[in-house]
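Participant: Structure for this input, please:
(2 chains, ligands or ions: 1)
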Amino acid sequence: MKILVCISNVPDTTTKITFSPDNKSFNATGVQYIINPYDELALTKALELNEVAGGGTVTVVHVGLADAEPNLRKALAVGADDAVRIDAAPTDGFQVASEIATYAKDKQFDLILCGRESIDYNGGVVPGMLAEMLDLPEVNVITSITINGGLSQVERDIDGGREALEVSLPFVASCQKEITEPRIPNMRGIMMARSKPLQVLPAQGGALHTEVSEYALPAAKAGCRFLEVSEVEKLVELLHSEAKVI
Amino acid sequence: MSVLVFVENHAGQFKKAAYEAASYAVQLAAQMQTTAAAVVLGTVAEDTVRSLGKYGIQKVVCVQDALLDGFEAHAAAKAVAEVAKGIGAGVVVLSNTYTGKALAPRLAVKLQAALAAGAVELPELNGQDLMVKRTVFSNKGFADLALKTAVKVISITPNSYKLVENEVAIEVENRNGVVSAADFKAKVVEVKKVTGKIPLTEAELVVSAGRGLKGPENWHMVENLANALGAATACSKPVSDMHWRPHDEHVGQTGITIKPNLYIAIGISGAIQHLAGVSGSKVIVAINTDKDAPFFKIADYGIVGDAFEVLPKLNEAITKFKAAN
Ligand SMILES: Cc1cc2nc3c(=O)[nH]c(=O)nc-3n(C[C@H](O)[C@H](O)[C@H](O)COP(=O)(O)OP(=O)(O)OC[C@H]3O[C@@H](n4cnc5c(N)ncnc54)[C@H](O)[C@@H]3O)c2cc1C
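Facilitator: Here you go, the predicted model:
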């Protein structure tokens, strides 16, 4: 199968988030960037699906600047065949989806896999927007996928349970944990990645739908009130009369 | 430019998140000096539909096509977009549930609308723009997002917005034949509802435990406390990775993000990735043997102690409290 995997470049999960003094931008100084963990799952699953199918290609696409290239090389080291970077600073989900849709529309991918959401802006909107732009079906938050001929069986999380669906290729899906475990590049993969193609394409551009006007950190907590093990009844009383949550 | 709210139903019932969206839409419409209408898809009893009037919804469009009884994003987006265009909606509001997450992006593209996913407060008006506050960096920050298009879509995070009662007379318009079988791109073959426990994403009270519980055989203590409280159960990532608990209980940056009124963390260290999924909780109680456990830094109440000693005591105290209240 010919599979496209959309990759987002995000701050490492241990990053302490800070903003510029005027709160207009994220402070990226010293921040380590990683492949979005859900996108790593999408990439691994794409490779596994092709292994089962006995062939195919996996292309990773990223909308972003050159500083993301080490992570695109990492995706190649994990096993993707080629990488595409669309050269624009990513600003919102609509822009990212539009750029990927422009790239993908005449490429006849059998399947497009994304992560459930990126862990920086947490919108989870790119897969659905991309599907709508390409007029394809989309299934979000999938926890399993198998493909038989032109038909795919997937499971997705729903509110209060899980749902099994059937959908015809081509389609877009966003991956939730449980779908697989992320694959780690080995030495051979890292060597091979150096000579795999990484293509840089110009962005289409277009009017922005959204713009962040200001960031803020969560309000600091008042501090923890410690109670003794013998004071559990007092804790219950405080939860009732002071915190008013029970 | 009125406000339209998509009120999601599950087997004909509205859950709390659906009423929150309706109430949010009504308050937003008041800010914008316009009215709020609702759209409901599939078979929902008229009494249930009319319950939206309690929160100030004046008009409901029920797209009654039976095909819409099972949610499918492509068909749902078509139906909601058609209603939105029909009434000239300037803003479409929905819940940021799994259903809303599947629907909102498609809808935004169809309506050429800017989308704010996961709003946590009512927007502020800024000329033609709406400024929407949403969480970013997995709960480690907030962003005020300006929505700059003529039509806007806002999905709201469940349990972020307080219901406002505001009973009004309600008009119900029924429609049919809005979608056809060809609009359904994915076919649902089976729905497995979680039964016998409170779904984590909807829970107002959550009891969660980590590696400090030592093994799956000890989880009855966690479940007993959850049952006594009427709470859902959750766990840290290593606990689900080791299959002590099902994956759908894993909360955190790579699991589920929750925002309950009360989160009780037992034997969980409070790693940054775990906190990312739960720090939005209104009140946090941490129980840990280690007085320096990071969880205490964001907890409201803490007990430094052994879970195996504290849990039975807490269970007893809760049971006593419940019996008396
Ligand atoms: C990319 C990435 C993503 C991640 N995503 C997540 C995520 O989404 N969610 C998540 O939870 N983690 C996540 N993690 C893992 C995270 O870093 C921590 O390793 C994990 O949260 C630790 O789980 P824990 O607190 O249960 O276990 P531990 O860190 O082992 O802590 C156990 C705690 O229990 C206490 N304890 C021990 N015995 C007792 C007792 N008898 N009574 C009371 N307390 C006791 C100890 O003092 C300790 O604080 C992620 C990590 C990475 C690298």
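Participant: alpha carbons only for contacts and neighbour counts from here, please
Facilitator: Will do.
Participant: how about the helices of chain A, start to end?
Facilitator: Assigned by DSSP state H, chain A shows helices spanning A:37-53, A:69-78, A:93-104, A:126-134, A:187-193, A:232-241.
Participant: Quick check: which of the ones you listed is buried the most?
Facilitator: Per residue and on average, the most neighbours among the helices of chain A fall to helix A:126-134, with a mean of 25 (mean count of other CA atoms under 10 Å in any protein chain shown).
Participant: Now do it and helix A:93-104, the angle between them.
Facilitator: Counting by axes from the mean of the first three to the mean of the last three CA atoms, to 10 degrees, helix A:126-134 points 50 degrees away from the direction of helix A:93-104.
Participant: Any part of helix A:126-134 near chain B?
Facilitator: Yes. Counting by CA under 8 Å from any CA of the partner chain, chain B is contacted by helix A:126-134 at A:Val126, A:Gly128, A:Met129, A:Ala131, A:Glu132, A:Met133.
Participant: Any figure for the gap between the first one and A:Leu72?
Facilitator: Computed as CA to CA, to the nearest Å, the A:Val126 to A:Leu72 distance reads 18 Å.
Participant: Show me how far stretch B:250-258 is from its chain's centre.
Facilitator: When distances are taken as CA atoms, centre = their mean, to the nearest Å, stretch B:250-258 is centred 13 Å away from the chain's centroid.
Participant: right, so of the helices of chain A, which gets closest to B:His10?
Facilitator: helix A:126-134 (21.2 Å; CA to CA).
Participant: Do you know the pLDDT at the residue lying closest to A:Ala164 once chain neighbours are set aside?
Facilitator: Leaving aside its sequence neighbours, A:Ala164 sits nearest to A:Glu155 (CA to CA, 6 or more residues apart in numbering or on different chains; 4.4 Å). pLDDT for A:Glu155: 97.
Participant: For A:Glu155, the count of nearby residues, please.
Facilitator: 23 (other CA atoms under 10 Å in any protein chain shown).
Participant: repeat for the one 5 residues further on
Facilitator: Here the count is done by other CA under 10 Å, and A:Gly160 has 18 residues near it.
Participant: tell me the contacts of it?
Facilitator: By CA atoms under 8 Å, 6 or more residues apart in numbering or on different chains, the contact list for A:Gly160 reads B:Lys193, B:Val194, B:Pro199, B:Leu200, B:Thr201, B:Glu202.
Participant: could you dump the residues you listed to TSV with neighbour count?
Facilitator: Below are these laid out as TSV (neighbours: other CA atoms under 10 Å in any protein chain shown):
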residue	neighbour count
B:Lys193	13
B:Val194	12
B:Pro199	19
B:Leu200	25
B:Thr201	22
B:Glu202	20
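Participant: about what we covered before: with respect to B:Leu67, which of the helices of chain A lies nearest?
Facilitator: Using CA to CA, the helices of chain A put helix A:126-134 closest to B:Leu67, at 20.4 Å.
Participant: just to revisit the earlier point, take the helices of chain A and write them to TSV, including distance to B:Ala66 and mean pLDDT.
Facilitator: Formatted as TSV, those follow (distance: least, CA to CA, whole Å; pLDDT from 0 to 100):
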stretch	distance to B:Ala66	mean pLDDT
helix A:37-53	34	98
helix A:69-78	44	98
helix A:93-104	32	98
helix A:126-134	23	98
helix A:187-193	51	97
helix A:232-241	45	97
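Participant: Let me have these in a markdown table, adding distance to the ligand as columns.
Facilitator: Converted to a markdown table, the helices of chain A look like this (distance: least, CA to the nearest ligand atom, whole Å):
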| stretch | distance to the ligand |
| --- | --- |
| helix A:37-53 | 6 |
| helix A:69-78 | 15 |
| helix A:93-104 | 22 |
| helix A:126-134 | 21 |
| helix A:187-193 | 21 |
| helix A:232-241 | 15 |
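Participant: ok, now which ones touch whatever residue of chain A ends up closest to the ligand?
Facilitator: Minimum separation of chain A from the ligand (CA to the nearest ligand atom) falls at A:Thr13, amounting to 5.5 Å. With contact set as CA under 8 Å, 6+ apart, A:Thr13 has these partners: B:Gln253, B:Ile272, B:Gln273.
Participant: Setting aside sequence neighbours, what's the nearest residue to A:Arg188?
Facilitator: For A:Arg188, ignoring the flanking residues on the chain, the nearest one in space by CA to CA, 6+ apart is A:Ala77 at 8.0 Å.
Participant: typo on my end, B:Leu94
Facilitator: Closest to B:Leu94 by CA to CA, 6+ apart is B:Ser155, at 4.7 Å.
Participant: and the helix or strand hosting the one you found, C-alpha only, in CSV?
Facilitator: Using DSSP states H and E, B:Ser155 sits in strand B:152-156. What follows is strand B:152-156, C-alpha atoms only, in CSV (Å, rounded to 0.1, in the frame of the first residue of the first chain):
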residue,chain,number,x,y,z
LYS,B,152,-16.8,30.2,13.6
VAL,B,153,-16.9,26.8,15.2
ILE,B,154,-16.2,26.3,18.9
SER,B,155,-16.0,22.9,20.7
ILE,B,156,-16.1,23.1,24.5
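Participant: what packs against it?
Facilitator: strand B:89-95, helix B:98-110, strand B:114-119 (3 or more CA pairs under 8 Å, 6 or more residues apart in numbering or on different chains; DSSP states H and E).
Participant: wait, isn't B:Val83 in contact with B:Val40?
Facilitator: No. The criterion here is CA atoms under 8 Å, and B:Val83 misses it with B:Val40 at 10.1 Å.
Participant: Surely the residue nearest to B:Leu94 and B:Ala114 touch.
Facilitator: No. B:Ser155 lies out of contact with B:Ala114 (CA under 8 Å); the separation is 11.3 Å.
Participant: on that earlier part again, chain A next: which of the contacts of A:Thr13 are close?
Facilitator: Okay, of the contacts of A:Thr13 touching chain A (CA under 8 Å from any CA), that's B:Gln253, B:Ile272, B:Gln273.
Participant: of those residues, closest to A:Pro197?
Facilitator: Out of those, the member with the shortest distance to A:Pro197 (by CA to CA) is B:Gln253, at 32.0 Å.
Participant: Quick one: residues contacting that closest one.
Facilitator: B:Gln253 sits next to A:Thr13, A:Ile119, B:Ser138, B:Gln273, B:His274, B:Leu275, B:Ala276, B:Gly277 when contact means CA under 8 Å, 6+ apart.
Participant: Kindly reformat those residues as CSV containing distance to B:Ala323 and pLDDT.
Facilitator: Listed next are those as CSV, based on distance: CA to CA, whole Å; pLDDT from 0 to 100:
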residue, distance to B:Ala323, pLDDT
A:Thr13, 43, 93
A:Ile119, 42, 94
B:Ser138, 38, 91
B:Gln273, 37, 96
B:His274, 33, 97
B:Leu275, 33, 96
B:Ala276, 35, 94
B:Gly277, 32, 95
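Participant: Can you tell me which of those residues end up in helices?
Facilitator: B:Gln273, B:His274, B:Leu275, B:Ala276, B:Gly277.
Participant: for the fourth one, what are its contacts?
Facilitator: Taking CA under 8 Å, 6+ apart as the definition of contact, the neighbours of B:Ala276 are B:Ser138, B:Asn139, B:Lys140, B:Gly252, B:Gln253, B:Thr257.
Participant: Report how many residues lie close to A:Met1.
Facilitator: For A:Met1, using other CA under 10 Å, the count is 18.
Participant: Distance-wise, check it relative to A:Phe226.
Facilitator: According to CA to CA, A:Met1 and A:Phe226 sit 57 Å apart.
Participant: ok, now B:His243?
Facilitator: Counting by CA to CA, the gap from B:His243 to A:Phe226 is 32 Å.
Participant: ok, now B:Arg245?
Facilitator: Here the criterion is CA to CA. By it, B:Arg245 lies 29 Å from A:Phe226.
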